[in-house]
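1. fold the stuff below for me.
(chains A and B)
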Amino acid sequence: MYDFDVNAIVKALPYIINGLKITLFVSIISSIFALIIGITIAYFRSQDNSSLKPLAIIYVEVIRNTPLLIQLYLWYKGLPNIGVNLPAIMCGILALSIYTAAYISEVLRSGINSIANEQHEAAKGLGLSQFQVFTLIVFPQAIRIIIPPLGSQFINLIKNSSLVSFIAVTDIFYVIYRESVNDFRFLEFFLVGAVIYMILTGTVAVLTNILEDKLKIQGRTVKI
Amino acid sequence: MKSIRNLYGRILLLILALSIFTGLAACTQPKYKQDLLERVTQRGKIIVGVKYDSKPFGYIDENQKLQGYDIDLVKEIAKRILGNENAVEFQQVTSSSRIISLTSGTIDLVAATMTINEKRKRVIDFSSPYYIAGQALMVSNNSKIRSVKDLNGKNVIVILGSTAEDNIRMLAPNANILGFRTYTDAFSTLRAKRADALTTDDIIIAGLISEDPNYKMLKERYTKEPYGIGFKKGEETKSFQEAVNMALDSMRNDGTLEKLKRKWMPY
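-> A predicted model of the protein is given here:
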């Protein structure tokens, strides 16, 4: 029988908690940025006559079709070559939010496309501007449909945040990896790591479900 | 069904036990063992295990020739014992294979960047130390860092899973430590000017510097890793060990070891 060493975990607990703080910080800040950038991109992509539409398409395709690790290294090791030296944690947040924003904007776009075209026309007929159509008519309905896939994007972001350990940001994965190679207790530390990530992502999943429920009920009362 | 499985289990166990016993018996069988020094003199050459991939101690150069500190060292020993520096047959060993190659008797001695420690001393014998390696600092040529004392508040790169991290935390408690998984990752981060110094064993730094002359190694070493020549344990190797140790002593006294160090580790 494998002798599971709980002591190794207990001894490393202060480091694990510090790592958890960093992971939470990176994930929360990146989520906020990703949502803001994602909505902006989705808005420009939904505007047929906008000159920014091609840029939005290029953004999504470039970011979505390259590995996050490459983007992370570009921020961290590539930019210093041209004299830009951002702190490692900022590189992590930038890479994560820009990467996730591309996915979020695609999710939003699918929601926006599901809103019937008649609504656009009706809204325009009432004299609303293009921006008002988006913020007052399309977006509130779209967001309700896309809550579940949006939640998945935030869950992915939390899991992807473990990649910042590659640029020596001392997040939970960095701590787990360091402690396990120092102690040769891989099973213990990586299991604990898996559980911690599961608690973080599970929380997001639960919040998503609650939010979905709340918005759904409102939707029905309006519909009747 | 169960009894059949039991039977199989028992037969397997029996076979296993038998093979272990016969194996052990073969090992302990008292047979005449020729003195190693005699055998080496008769054979006219020493069979040596060296590394082929550890620049600058043992490596294959651009001309496919075996080169390095350990190679020169062993040639010098052959010269002093057998009177001919080419009376050596080299065989490749790795960190994980070098001890088993010794104990199985396929080679006479090992000179392969092996640190003398208690754990290994239980299995093999060591010569007196012929080289003292140690943890060192690597910085860029124009760096202002002169010693480990200048590291406080600086970014220092370590390889995760090495003893270097604990050492540097003790010596420079206020240094900011960045851990990476591989040497290439660590070195490329230093090259990207993400950190002020990198710390690991001096021989690894020597290898890295040989690829990029924009970096240098500081003189200071803050751990001691004495390298020794390894021998198989046993009465029959005693006189050979003595001969090698005498050769090493004379090389230490006449400055040959120092010369070798200056040739291969001039940092």
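
2. what about residue A:68, neighbour count?
-> Residues lying near residue A:68 (other CB atoms under 10 Å in any protein chain shown) number 18. For every residue, glycine as well, the C-beta is placed using N, CA and C.

3. one more: residue A:188?
-> Neighbours of residue A:188 (other CB under 10 Å): 21.

4. contacting residues for it?
-> A:4, A:5, A:6, A:8, A:9, A:180 (CB atoms under 8 Å, 6 or more residues apart in numbering or on different chains).

5. of all those residues, which comes closest to chain B?
-> residue A:180 (8.8 Å; CB to the nearest CB).

6. could you find the closest non-adjacent residue to the most centrally placed residue in chain B?
-> The centre of chain B sits closest to residue B:113, judged by CA atoms, centre = their mean, with a distance of 2.0 Å. In space, and not counting its chain neighbours, residue B:113 is closest to residue B:57: 4.9 Å by CB to CB, 6 or more residues apart in numbering or on different chains.

7. could you list every residue that touches the one you found?
-> B:51, B:68, B:69, B:70, B:112, B:113, B:203, B:264.

8. residue B:54 touches residue B:206, doesn't it?
-> No: checked against CB atoms under 8 Å, the pair residue B:54 and residue B:206 is beyond contact range at 9.9 Å.

9. about what we covered before: in helices only, show me the contacts of residue A:188.
-> Counted as lying in helices by DSSP state H, out of those, are A:6, A:8, A:9, A:180.

10. how about the nearest residue to the last one once chain neighbours are set aside, what does it touch?
-> It stands for residue A:180. Nearest residue to residue A:180, sequence neighbours excluded (CB to CB, 6+ apart): residue A:189, at 3.8 Å. Residues in contact with residue A:189 (CB under 8 Å, 6+ apart) are A:8, A:9, A:12, A:176, A:177, A:179, A:180, A:183.

11. okay, now the fifth one: neighbour count?
-> Just to be clear, that refers to residue A:177. Residue A:177 has 22 nearby residues by other CB under 10 Å.

12. over to it. Which of the three states is it?
-> Put simply, residue A:177 is helix when judged by DSSP: H, G, I helix; E, B strand; the rest coil.

13. that one is in contact with residue B:160, isn't it?
-> Yes: assessed by CB under 8 Å, residue A:177 is found in contact with residue B:160 at 6.4 Å.

14. so what's in contact with these two at the same time?
-> With CB under 8 Å, 6+ apart as the test, residue A:177 and residue B:160 both reach residue B:181.

15. any idea how far stretch A:103-123 is from the chain center?
-> 21 Å (CA atoms, centre = their mean, to the nearest Å).

16. what's the answer for stretch B:44-59, then?
-> For stretch B:44-59, the distance to the chain centre is 10 Å (CA atoms, centre = their mean).

17. now the terminal residues of it, how far apart.
-> 25 Å (CA to CA, to the nearest Å).

18. next one: stretch B:64-74
-> With CA to CA, one end of stretch B:64-74 sits 19 Å from the other.

19. which parts of that stretch are buried?
-> B:67, B:68, B:69, B:70, B:71, B:72, B:73, B:74 (16 or more other CB atoms under 10 Å in any protein chain shown).

20. any idea of the mean pLDDT in it?
-> What stretch B:64-74 shows for mean pLDDT is 94.

21. equivalent analysis for stretch B:202-220, please.
-> 88.

22. export it as CSV, just CAs?
-> Output of stretch B:202-220 as CSV, limited to C-alpha atoms (Å, rounded to 0.1, in the frame of the first residue of the first chain):
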residue,chain,number,x,y,z
ASP,B,202,29.4,25.4,-11.6
ILE,B,203,29.9,22.7,-14.2
ILE,B,204,26.4,23.2,-15.6
ILE,B,205,27.0,27.0,-15.7
ALA,B,206,30.3,26.3,-17.5
GLY,B,207,28.3,24.4,-20.2
LEU,B,208,25.8,27.2,-20.5
ILE,B,209,28.5,29.9,-20.8
SER,B,210,30.3,28.0,-23.5
GLU,B,211,27.2,28.6,-25.6
ASP,B,212,26.8,32.3,-24.8
PRO,B,213,29.9,34.3,-24.1
ASN,B,214,27.8,37.3,-22.9
TYR,B,215,27.5,35.6,-19.5
LYS,B,216,30.1,34.8,-16.9
MET,B,217,30.4,32.8,-13.7
LEU,B,218,31.4,34.4,-10.4
LYS,B,219,34.5,33.0,-8.6
GLU,B,220,32.6,32.3,-5.4
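
23. which residues touch it?
-> B:54-57, B:113, B:133-141, B:145-148, B:183, B:187, B:190-191, B:198, B:221, B:265, B:267.

24. and stretch B:156-164, how far from the chain's centre?
-> On CA atoms, centre = their mean, the centre of stretch B:156-164 falls 19 Å from the chain's centre.

25. my error: substitute stretch B:67-76 in the last question.
-> Using CA atoms, centre = their mean, the offset of stretch B:67-76 from its chain centre is 13 Å.

26. who in chain A is up against chain B?
-> A:76-77, A:80-81, A:85, A:88, A:166-168, A:174, A:177-178, A:181-182 (CB under 8 Å from any CB of the partner chain).

27. could you identify the most distant pair in these?
-> Maximum pairwise distance among the residues of chain A next to chain B (CB to CB): 32.6 Å, between A:81 and A:182.

28. so for those two, which sits in the more crowded spot?
-> Set residue A:81 next to residue A:182 and count neighbours by other CB under 10 Å: residue A:182 wins out with 17 against 11.

29. what's the neighbour count on residue B:82?
-> 18.

30. whoops, I mixed them up, residue B:100
-> Residue B:100: 11 neighbours (other CB under 10 Å).

31. and it, what helix or strand is that in?
-> helix B:98-103 (DSSP states H and E).

32. for residue B:217, grab phi and psi.
-> phi -110, psi 140 (degrees, to the nearest 10).

33. what residues are bridge-paired with it?
-> residue B:138 (DSSP bridges).

34. PyMOL command for the buried members of the contacts of stretch B:202-220?
-> To isolate the buried ones among the contacts of stretch B:202-220 in PyMOL, judged by 16+ other CB under 10 Å, type:
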select buried, chain B and resi 54+55+56+57+113+133+135+136+137+138+139+140+145+148+187+190+191+198+221+265
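
35. from the contacts of stretch B:202-220, which ones fall inside strands?
-> B:54, B:133, B:135, B:136, B:137, B:138, B:139, B:140, B:198 (DSSP state E).

36. ranges for the helices of chain A?
-> A:6-46, A:53-64, A:68-73, A:88-113, A:117-125, A:130-132, A:139-145, A:147-160, A:172-183, A:186-223.

37. I'd like those as CSV, with distance to residue B:104 and mean pLDDT appended.
-> Conversion of the helices of chain A to CSV gives the following (distance: least, CB to CB, whole Å; pLDDT from 0 to 100):
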stretch, distance to residue B:104, mean pLDDT
helix A:6-46, 36, 94
helix A:53-64, 56, 95
helix A:68-73, 44, 96
helix A:88-113, 48, 95
helix A:117-125, 81, 87
helix A:130-132, 80, 88
helix A:139-145, 70, 87
helix A:147-160, 48, 96
helix A:172-183, 31, 89
helix A:186-223, 31, 85
